[in-house]
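Enquirer: sequence? don't have it. structure:
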């Protein structure tokens, strides 16, 4: 296995030269941190990845969780991982000091998460679920709930989850059937079933705390009747002891990949003794849950980028050392064979992977910086960052997930037949990657969110601000002669996106909402390619600035590599949007016109 799974040089380039972390930490909210301390945190994260997570990457896959006597047993290393994340402040890092946090910029925290996910995706996910649950309780819960649950979640003693999905409802959350019955004691009796709950039960924590959506008995149908509850596996008695809360594990799913973390089916209230505690106001549960869900969507995108990163560095290591073939111009069969990285098609596949990995990471870090700016600004400026974050979240979730599948596939291709075998880790990366287009809302759900809500919200205000941001990058790139053709290409792409958006909005205004959203997934694909093109132009501009300072030979190679990869992305990937634009505007609603009977044999 290749020892490298992520580029620390690239992460520090992103932080220091693209997203200007030194400026961010000057704000009072982050004033406990400096560029130097952030570097130390990143180095500590790399040590955890290398020493704690990566050594059991394969073993956790080969020995997946099992249901044993009503409890899920996971790999024993999970206990050490959660202890490290909890006791040493990784779960609470971005929380406010008053809650035991470090007020670490999300920009830095997500770079650390990138390292953890790339080292061992299954081992990394426990932390994010607990942090998301704790944040949701802090934001909307009463003091009693905060005091009872948050410290144990942040310390890693208890595991947090999101309990949304039900078998009969799937992504249609308006159709959930889990019911909460009020009692005279102030709590609710919960009855129902949830499926596909990540880390829904395991033996490496004292308790599991479910953030569960359900419908209070008698509540109206649809999303307006959904409320949010804290439902622990074990509830606290008045004496402060833990007792069973009638939450049962009915099965653990055996999965294609991502096998080191359990995905469960849970039954609540089978014995009519499951207590749940309302968070916030009745009927507002789905709105509350979207805070955790949106954070999780960015984590899914980050995880996909990280897995693609690990696969890319495995492929890079292999192609640098695997000897096969000779130059096409060589006529001497006795001449030495070449490392396959010297062949043009291998370079193409590696460039594709590098462009996806680093472009995806940059987009996620862009969103992370917007999250940080929301924390330290107010009024109109805060609204600006919120709108950008809302608009880009479905893109930052989906582009790494969809393109990550293709990227890890190209990693396998670089290995040839070996890549298809368990001798090398890329087959596991490919399997681990596949869940990300499904987790936290499928690609189709994200597409309808982007086109049907985000692109048109507030009369297109978010889209207008986004265009301003991209045009700033285009303007900055035009200062460098070598980047001017790329700037012009992105300028044309943005104009194309505007035309397509206006065309589709016109269809919606014409009373055809079904046709408007029929090809929303293609619109998301187009939007994603342009957004990542924007990020690559930002990186290329930063690299061009650095090259003007005559850096060392190795640094020159790094910066030139950035510009080459940007050129590759624009020449091989961004050009594909023209076909998508044609399809989105050709006025032929093929999928709407085809009837189900046409699929019959």
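Expert: Sure, I can see it. No experiment lies behind these values; they were computed from the predicted model shown.
Enquirer: all contacts plus neighbour counts: C-alpha atoms, from now on.
Expert: Will do.
Enquirer: Okay, buried residues for the host helix or strand of residue 308 please.
Expert: Assigned by DSSP states H and E, residue 308 belongs to helix 285-321. By neighbour count with 16 or more other CA atoms under 10 Å, helix 285-321 contains the buried residues 285-286, 288-289, 292-316, 318-319.
Enquirer: For residue 567, give me its contacts.
Expert: Listed by CA atoms under 8 Å, 6 or more residues apart in numbering, the contact partners of residue 567 are residue 486.
Enquirer: buried ones in stretch 567-580?
Expert: By neighbour count on 16+ other CA under 10 Å, the buried set for stretch 567-580 is 567, 568, 569, 570, 573, 574, 575, 577, 580.
Enquirer: let me fix that: stretch 230-243
Expert: By neighbour count, and taking 16+ other CA under 10 Å as the criterion, the buried residues in stretch 230-243 are 230, 231, 232, 233, 234, 235.
Enquirer: and it, how far apart are its ends?
Expert: One end of stretch 230-243 sits 15 Å from the other (CA to CA, to the nearest Å).
Enquirer: Show me the strands in the stretch 51-200 of the chain, by range?
Expert: 66-68, 71-73, 158-163, 179-182, 188-198 (DSSP state E, counting those that start in this stretch).
Enquirer: Show me the one of these that comes nearest residue 223.
Expert: strand 179-182 (13.6 Å; CA to CA).
Enquirer: now for that closest one, which elements pack on it?
Expert: Contact partners of strand 179-182 among helices and strands, from 3 or more CA pairs under 8 Å, 6 or more residues apart in numbering; DSSP states H and E: strand 188-198, strand 207-216.
Enquirer: closest one to residue 586 among these?
Expert: From these, taking CA to CA, the stretch that ends up closest is strand 188-198, at 38.9 Å.
Enquirer: Residues in contact with the closest one: which ones?
Expert: Surrounding strand 188-198, the residues in contact under the criterion CA under 8 Å, 6+ apart are 161-167, 177-183, 253, 261-270, 272-278.
Enquirer: tell me the angle of that strand relative to strand 158-163?
Expert: Put simply, strand 188-198 runs at 90 degrees to strand 158-163, going by axes from the mean of the first three to the mean of the last three CA atoms, to 10 degrees.
Enquirer: Report the rounded mean pLDDT for strand 188-198.
Expert: pLDDT averaged over strand 188-198 equals 97, rounded to a whole number.
Enquirer: Please identify the pairing partners of it and their relative orientation?
Expert: strand 179-182 (antiparallel), strand 263-268 (antiparallel), strand 275-279 (antiparallel) (DSSP bridges).
Enquirer: Of those strands, which is nearest residue 25?
Expert: Put simply, out of the strands paired with strand 188-198 the one that sits nearest residue 25 is strand 275-279, at 33.1 Å, with distance taken as CA to CA.
Enquirer: Now do the closest one against strand 207-216, angle only.
Expert: Taking the same axes, to 10 degrees, one finds that strand 275-279 is oriented at 70 degrees with respect to strand 207-216.
Enquirer: and strand 275-279, how far out from the chain's middle?
Expert: On the basis of CA atoms, centre = their mean, to the nearest Å, the separation between the geometric centre of strand 275-279 and that of its chain is 28 Å.
Enquirer: Which of the buried residues of stretch 230-243 fall within helices?
Expert: Restricting the buried residues of stretch 230-243 to those inside helices, with DSSP state H as the criterion, leaves an empty set.
Enquirer: Of those residues, just say which sits nearest to residue 481.
Expert: Of all those, residue 230 has the smallest distance to residue 481: 57.2 Å, by CA to CA.
Enquirer: Is the closest residue to residue 256 other than its chain neighbours in a helix, a strand, or coil?
Expert: Residue nearest to residue 256 in three dimensions, not counting chain neighbours: residue 431, with 5.9 Å by CA to CA, 6 or more residues apart in numbering. The assignment at residue 431 comes out as helix when based on DSSP: H, G, I helix; E, B strand; the rest coil.
Enquirer: if I look at residue 431, how far off is residue 499?
Expert: Summarising the geometry, the distance separating residue 431 from residue 499, computed by CA to CA, is 38 Å.
Enquirer: Neighbour count: those two, which is higher?
Expert: Relative neighbour count places residue 431 above the other of residue 431 and residue 499, with 17 against 14, counting by other CA atoms under 10 Å.
Enquirer: ok, the more buried one - contacts?
Expert: Listed by CA under 8 Å, 6+ apart, the contact partners of residue 431 are 256, 257, 258.
Enquirer: Mind doing that once more with 10 Å?
Expert: Contacts for residue 431 (CA atoms under 10 Å, 6 or more residues apart in numbering) come out as 255, 256, 257, 258, 259, 405, 408, 409.
Enquirer: With residue 295 instead?
Expert: Residues in contact with residue 295, defined by CA under 10 Å, 6+ apart, are 128, 129, 132, 368, 371, 393, 397, 440.
Enquirer: Residue 48 now?
Expert: If a contact means CA under 10 Å, 6+ apart, then residue 48 has 42, 54, 81, 84, 85, 112, 115, 116, 119 as its contacts.
Enquirer: Just give the number of residues close to the residue lying closest to the fifth one once chain neighbours are set aside.
Expert: Among residues not flanking residue 85 along the chain, residue 91 sits closest, at 5.7 Å (CA to CA, 6+ apart). When neighbours are defined as other CA under 10 Å, residue 91 has 26 of them.
Enquirer: Surely residue 91 and residue 101 touch.
Expert: Yes: at 8.6 Å, residue 91 counts as touching residue 101 under the criterion of CA atoms under 10 Å.
Enquirer: Quick check: neighbours shared by the two?
Expert: With contacts taken as CA under 10 Å, 6+ apart, the residues that reach both residue 91 and residue 101 are residue 154.
Enquirer: Residue ranges in the stretch 451-600 of the chain under the pLDDT threshold?
Expert: By pLDDT under 70, the stretch 451-600 of the chain contains no weakly predicted segment.
Enquirer: again, only this time at 90
Expert: When the per-residue scores of the stretch 451-600 of the chain are filtered using pLDDT under 90, the ranges that remain are 587-589, 592.
Enquirer: what about the helices in it?
Expert: When secondary structure is read from DSSP state H, counting those that start in this stretch, the stretch 451-600 of the chain shows helices at 457-477, 484-509, 513-518, 520-547, 553-568, 577-585, 590-593.
Enquirer: OK, contacts around residue 115?
Expert: For residue 115, the residues meeting the contact criterion (CA under 10 Å, 6+ apart) are 5-8, 11, 42-43, 45-50, 53, 121, 124, 302-303, 306-307, 309-310.
Enquirer: Derive a ChimeraX selection command for the buried subset of the contacts of residue 431.
Expert: Once 16+ other CA under 10 Å is used to decide burial, the buried members of the contacts of residue 431 can be selected in ChimeraX as follows:
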select :257,258,259,405,408,409
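Enquirer: could I get the contacts of residue 431 as CSV with distance to residue 26 and secondary structure?
Expert: Rendered in CSV, the data for these read as follows (distance: CA to CA, whole Å; DSSP: H, G, I helix; E, B strand; the rest coil):
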residue, distance to residue 26, secondary structure
255, 45, coil
256, 45, coil
257, 42, coil
258, 39, coil
259, 41, coil
405, 38, helix
408, 38, helix
409, 42, helix
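Enquirer: Quick check: phi and psi at residue 75.
Expert: Recorded main-chain torsions at residue 75 are phi -60, psi 130, according to degrees, to the nearest 10.
Enquirer: I'd say it and residue 53 touch.
Expert: No: the pair residue 75 and residue 53 does not pass the contact test of CA under 10 Å, sitting 11.8 Å apart.
Enquirer: residues contacting residue 579?
Expert: Contacts were defined as CA under 10 Å, 6+ apart; by that measure residue 579 touches residue 526.
Enquirer: What's the end-to-end length of stretch 432-450?
Expert: End-to-end distance of stretch 432-450 (CA to CA): 26 Å.
Enquirer: for the strands of the stretch 51-200 of the chain, which one ends up most surrounded?
Expert: Of these, the one with the most neighbours on average (mean count of other CA atoms under 10 Å) is strand 158-163, at a mean of 27.
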